[in-house]
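Asker: I would like to see how this sequence folds:
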Amino acid sequence: MTLEQLRIFVAVAEREHVTQAARDLNLTQSATSAAVAALEARYATKLFDRVGRRIALTDAGRLFLIEAKAVLARASAAELVLADLAGLKRGSLHLAASQTVGNYWLPRHIQAFRSAYPGLSIGLTMGNTETVAAMVRDGTANLGFVEGEIDDPTLSVRAIAEDEMVLIAPIGHDWGKAARSERIALRSSPWVLREFGSGTRSILAAMLKEQAIPMSDIEIAVVLPTNESVLGAVEAGAGVTVISKLVAESALLAGRLQAIDYPVPRRRFFLLRHKEHYVTAAEREFVRQIDVSRPGPKKGYASGELAAT
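Answerer: Residues are numbered from 1 along each chain as shown. Next up is the predicted model:
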């Protein structure tokens with residue numbers, strides 16, 4: 001059994017499609033199929049059921065996938081240790097981030113790091129908060145950046161930035177005419193929301209709670225999966241929303257949306273890493289660059305782990 005066979009098996013298992021896995025791995029379909037077939041033949045175990053043009057993991061395949069991913073994660077960790085010996089001249093850093101952080105806050109830090117260390121490659125995977133935490137936990141990502149707090153004993157979690165939130169409405173909305181925020185009745189307008197579990201939605205819930213308003217008391221016009229679709233729906237007149245100012249800034253400056261004078265709680269971005277995984281020089285330097293670029297007290301690594309909040 002080779003690491004390459006494991007890598008191919010995991011790719012096929014995650015996509016449930018040989019052709020897609022081959023394309024993403026820059027391999028031929030025949031080479032990809034042969035690697036999976038070799039594993040099945042060597043251990044006399046069927047890993048996939050063929051269903052039409054697609055495939056599905058067998059029970060044995062699902063169990064093997066867990067172990068295969070763990071082995072690949074450990075191999076990746078070993079490579080990181082060796083890459084550290086190159087003194088940030090080569091190697092890789094894989095990040096995972098939730099939507100607002102990954103699309104609007106993290107890119108400038110990635111670009112600054114790439115400019116300083118062009119020999120290092122950086123990968124970024126997007127997902128919700130739970131997905132990001134899982135990637136850091138299983139070693140798929142070195143560092144995670146999320147908009148919601150995580151309670152996981154295996155992860156080191158600390159606030160790394162603040163995010164200003166705004167209440168926005170379509171141009172001409174009645175709330176824009178209110179002289180004082182106290183005159184706004186939050187129940188009086190339909191709302192456009194992100195899905196359950198999103199950090200943005202939790203901020204609205206906190207804002208409503210301050211006014212003793214349960215979420216069930218507001219009219220939810222539509223629930224959408226991305227910040228951009230939420231902005232588009234609000235601009236089209238579907239309702240109002242609470243969203244990061246980083247996301248809404250361009251539309252506000254262009255006059256396509258209006259910000260409503262209402263106090264919205266700020267939220268924090270959190271940095272995640274596994275407490276027991278090796279801390280690479282690339283990780284330390286990436287976090288250091290973020291820390292020195294922001295105002296206030298600086299926090300970095302302490303005794304091989306992220307400093308506590």
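Asker: now the strands: where do they sit in the stretch 201-309 of the chain?
Answerer: 220-224, 241-244, 257-260, 267-274, 301-302, 305-306 (DSSP state E, counting those that start in this stretch).
Asker: Point out where the stretch 1-150 of the chain drops to low pLDDT.
Answerer: Where the stretch 1-150 of the chain drops to pLDDT under 70, the residues are 80-81, 83-87.
Asker: mind checking which of the strands of the stretch 201-309 of the chain is nearest Thr28?
Answerer: strand 267-274 (35.3 Å; Cβ to Cβ). C-beta coordinates here come from the backbone N, C-alpha and C atoms, glycine included.
Asker: Redo the strands of the stretch 201-309 of the chain as TSV? Include mean pLDDT.
Answerer: Listed next are the strands of the stretch 201-309 of the chain as TSV, based on pLDDT from 0 to 100:
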stretch	mean pLDDT
strand 220-224	95
strand 241-244	95
strand 257-260	94
strand 267-274	94
strand 301-302	42
strand 305-306	42
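Asker: can you pull out the helices in the stretch 51-200 of the chain?
Answerer: Ranges of helices in the stretch 51-200 of the chain, per DSSP state H, counting those that start in this stretch, are 59-84, 99-100, 106-116, 129-137, 199-210.
Asker: Comparing these, which comes out most buried?
Answerer: helix 99-100 (a mean of 24; mean count of other Cβ atoms under 10 Å).
Asker: Contacts for that one, please.
Answerer: Identification of contacts with helix 99-100 by Cβ atoms under 8 Å, 6 or more residues apart in numbering yields Met126, Asn128, Glu147, Asp163, Ser198, Gly199, Thr200, Thr226, Asn227, Ser244, Leu246, Val247.
Asker: How much space separates Leu224 from Pro170?
Answerer: 15 Å (Cβ to Cβ, to the nearest Å).
Asker: Save the strands of the stretch 201-309 of the chain as TSV, and put in mean neighbour count and distance to Ala78 too.
Answerer: Shown next, in TSV, are those (neighbours: other Cβ atoms under 10 Å; distance: least, Cβ to Cβ, whole Å):
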stretch	mean neighbour count	distance to Ala78
strand 220-224	16	42
strand 241-244	26	38
strand 257-260	20	49
strand 267-274	22	15
strand 301-302	12	20
strand 305-306	19	20
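Asker: Nearest approach to Ala97 belongs to which of the ones you listed?
Answerer: strand 267-274 (9.0 Å).
Asker: now that closest one against helix 199-210, angle please.
Answerer: 130 degrees (axes from the mean of the first three to the mean of the last three Cα atoms, to 10 degrees).
Asker: Show me what strand 267-274 pairs with in its sheet, parallel or antiparallel.
Answerer: Using DSSP bridges, strand 267-274 pairs in its sheet with strand 143-146 (antiparallel), strand 155-163 (antiparallel).
Asker: How about the contacts made by the closest residue in space to Ser202 that isn't next to it in sequence?
Answerer: Once flanking residues are discounted, Ser202 sits nearest to Gly148: 6.1 Å by Cβ to Cβ, 6 or more residues apart in numbering. When contacts are counted by Cβ under 8 Å, 6+ apart, Gly148 touches Ser98, Thr129, Ser198, Gly199, Ser202, Phe270.
Asker: Throw those into CSV and include distance to Asp152, thanks.
Answerer: Listed next are those as CSV, based on distance: Cβ to Cβ, whole Å:
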residue, distance to Asp152
Ser98, 15
Thr129, 11
Ser198, 18
Gly199, 16
Ser202, 17
Phe270, 11
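Asker: list the buried ones in stretch 233-248?
Answerer: Of the residues in stretch 233-248, 233-235, 238-248 count as buried by neighbour count, 16 or more other Cβ atoms under 10 Å.
Asker: which residues touch that stretch?
Answerer: Under Cβ under 8 Å, 6+ apart, the answer for stretch 233-248 is 100, 103-105, 163-170, 173, 175, 189-193, 200, 203-204, 207, 219, 221-222, 224, 227-228, 230-231, 251-252, 256-257, 259-260, 264.
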